[in-house]
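Enquirer: model the following, please.
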Amino acid sequence: MHKILYIGNKLEKWGRTPTAVDTIPDLLKTEGFEIVTISTFQNKFLRLLEMCLYCLFGNYQKLLIDTYSTQNFIYAKFCGSIARFRGKDYYFILHGGNLSNRLRSSGNYVTNLFQTATKLVAPSEYLYQQFNQLGYENLVCFPNAVPLQNYAFRHRIHINPKLLWIRSFQELYNPELAIQVLENLSDLYPESELCMVGPDKDGSLAELKKYVKENDLKVSFPGKLSKPDLISLSHDYCVFLNTSNVDNTPVSVIEAMALGLPVVSTNVGGIPYLIQNAHTGLLVTPEDPKAMTAACIKLISQPEFSAQLAKNARIEVEKFDWQRVKQQWLDLLG
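Expert: Purely as a prediction, here's the structure:
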């Protein structure tokens, strides 16, 4: 097997949500690959420095790079440039619903860097189409890999007004919308409650907690949870909310679908490629608390419809199972 270096923001130990660099390498190691993952530094400059040093001096044949549209895009640009300079195979693993727009504004050098990459790996049909429209031909589409044997489907006979939200607290994921939905839902169902799971990324969590306390809302904030604890917690809830303004194919939504939680989501980015409205979930326009509330009421008042959505969703996410996806990775890196 080739020696592989995987570059990404490996920050789970600092309380951040696990990303591809926290999951894909472990799955590949079970198939016999030798992989080093970088970097765990919290400080962005030190993280970039370690990434560049490993890319420049590390002993590897293939370089995998988690690539986002945010400030971390610079990591991908530097590391890809070093790998190309050294004559190594390098692969950009595409993430983030706004990545194609970032590339449009990044100039000819970056465009060429991506065009000469060994492969661009898109985890969704949405990103694949976005990059295909930009003229990139070195594309492959691999679904986000989830070990589904860890996610037992739970049939919910009665749909109670108990809402679950899982994401980092960050403006682009619009956590405030979930609070607004709870407030609206409480007018009809006073027993409504919401659990919001995830780490604070931009300071918005403190403001939300303050608002919840001042308005005496039934919202719990357990923080970031381990996968087993998260799966156990999900048994107590009946509807999953995804409130993002920008999105691709979030693992949290895939996990909710696998666990039998009917999903109400905004219809942004790659979400419509993942969820077929009224078949595997319910889609609403972003920043529309009334529409999302109405979708929740439909699920609560029509339990048979909700149960069918959940069954359809579980069938849909079977394609994300690692046992199905792994052969694509083996063919790519073998």
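
Enquirer: which parts of the helix or strand encompassing Q323 are buried?
Expert: In this assignment (DSSP states H and E), Q323 forms part of helix 322-333. Burial within helix 322-333, assessed by neighbour count using 16 or more other CB atoms under 10 Å, is assigned to 322, 325-326, 329, 333. All C-beta atoms are positioned from the backbone trio N, CA, C, and that covers glycine.

Enquirer: tabulate those (CSV), appending distance to L282 and pLDDT.
Expert: Putting the buried residues of helix 322-333 into CSV (distance: CB to CB, whole Å; pLDDT from 0 to 100) gives the following:
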residue, distance to L282, pLDDT
W322, 28, 93
V325, 26, 93
K326, 31, 93
W329, 32, 94
L333, 38, 93
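
Enquirer: tell me which of these is nearest to L64?
Expert: L333 (8.3 Å; CB to CB).

Enquirer: quick one: residues contacting V110.
Expert: By CB atoms under 8 Å, 6 or more residues apart in numbering, the contact list for V110 reads 77, 103.

Enquirer: any idea how far the helix or strand bottoming out on mean pLDDT in the chain is from the chain center?
Expert: Using mean pLDDT, DSSP states H and E, helix 99-104 stands out as the lowest-scoring helix or strand of the chain, at a mean of 87. Here helix 99-104 shows a centroid-to-chain-centroid distance of 18 Å under the convention CA atoms, centre = their mean, to the nearest Å.

Enquirer: for whichever helix or strand comes after that helix, which positions count as buried?
Expert: Downstream of helix 99-104, the next assigned helix or strand under DSSP H and E is helix 107-115. Using 16+ other CB under 10 Å as the test for burial, helix 107-115 gives 110, 113-114.

Enquirer: ok, residues contacting the next helix or strand after helix 107-115?
Expert: Using DSSP H and E, the helix or strand that directly follows helix 107-115 along the chain is strand 119-122. Residues from elsewhere that reach strand 119-122 (CB under 8 Å, 6+ apart): 91-94, 114, 128, 131, 136, 138-142, 332.

Enquirer: for strand 119-122, which strands pair with it and how are they oriented?
Expert: Here strand 119-122 has these sheet partners by DSSP bridges: strand 89-94 (parallel), strand 139-141 (parallel).

Enquirer: pick the most deeply packed of these.
Expert: strand 89-94 (a mean of 24; mean count of other CB atoms under 10 Å).

Enquirer: relative to helix 107-115, how tilted is that one?
Expert: Strand 89-94 and helix 107-115 are oriented at 110 degrees to each other (axes from the mean of the first three to the mean of the last three CA atoms, to 10 degrees).

Enquirer: okay, strand 89-94 in CSV with CA atoms only?
Expert: Output in CSV follows, covering the C-alpha atoms of strand 89-94 (Å, rounded to 0.1, in the frame of the first residue of the first chain):
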residue,chain,number,x,y,z
ASP,A,89,-0.1,12.6,-6.3
TYR,A,90,-2.5,15.1,-4.6
TYR,A,91,-6.2,14.9,-4.1
PHE,A,92,-8.5,17.7,-3.0
ILE,A,93,-11.4,16.3,-0.9
LEU,A,94,-14.1,18.9,-1.6
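
Enquirer: ok and it relative to helix 322-333, angle-wise?
Expert: Using the same axes, to 10 degrees: strand 89-94 against helix 322-333 is 140 degrees.

Enquirer: rounded mean pLDDT for strand 89-94, please.
Expert: In this model, strand 89-94 has an average pLDDT of 97.

Enquirer: elements contacting the helix holding Q323?
Expert: Applying 3 or more CB pairs under 8 Å, 6 or more residues apart in numbering; DSSP states H and E, we find helix 322-333 packed against helix 20-29.

Enquirer: identify the residues contacting the helix it packs on?
Expert: In contact with helix 20-29 (CB under 8 Å, 6+ apart) are residues 4, 6-10, 12, 33, 35, 37, 64, 66, 93, 95, 123, 144-145, 147, 322, 326, 329, 333.

Enquirer: show me these that map onto strands.
Expert: Using DSSP state E, the subset of those located in strands is 4, 6-7, 35, 37, 64, 66, 93.

Enquirer: of those, closest to S192?
Expert: Out of these, the member with the shortest distance to S192 (by CB to CB) is D66, at 37.1 Å.

Enquirer: partners of the closest one in the sheet?
Expert: Residues in beta-bridge contact with D66 (DSSP bridges): I93.

Enquirer: below-threshold pLDDT in the stretch 201-334 of the chain: ranges please.
Expert: Applying pLDDT under 70 to the stretch 201-334 of the chain flags no residue at all.

Enquirer: residue ranges for the helices of it, please.
Expert: Under the criterion DSSP state H, counting those that start in this stretch, helices of the stretch 201-334 of the chain are mapped to 204-214, 227-234, 251-259, 271-274, 289-301, 303-317, 322-333.

Enquirer: just say which of these is most tucked in.
Expert: helix 251-259 (a mean of 24).

Enquirer: pretty sure T111 sits against S100.
Expert: No. At 11.6 Å, T111 does not count as touching S100 under the criterion of CB atoms under 8 Å.

Enquirer: hang on, the earlier thing: what angle separates the helix holding Q323 from helix 20-29?
Expert: Using the same axes, to 10 degrees: helix 322-333 against helix 20-29 is 90 degrees.
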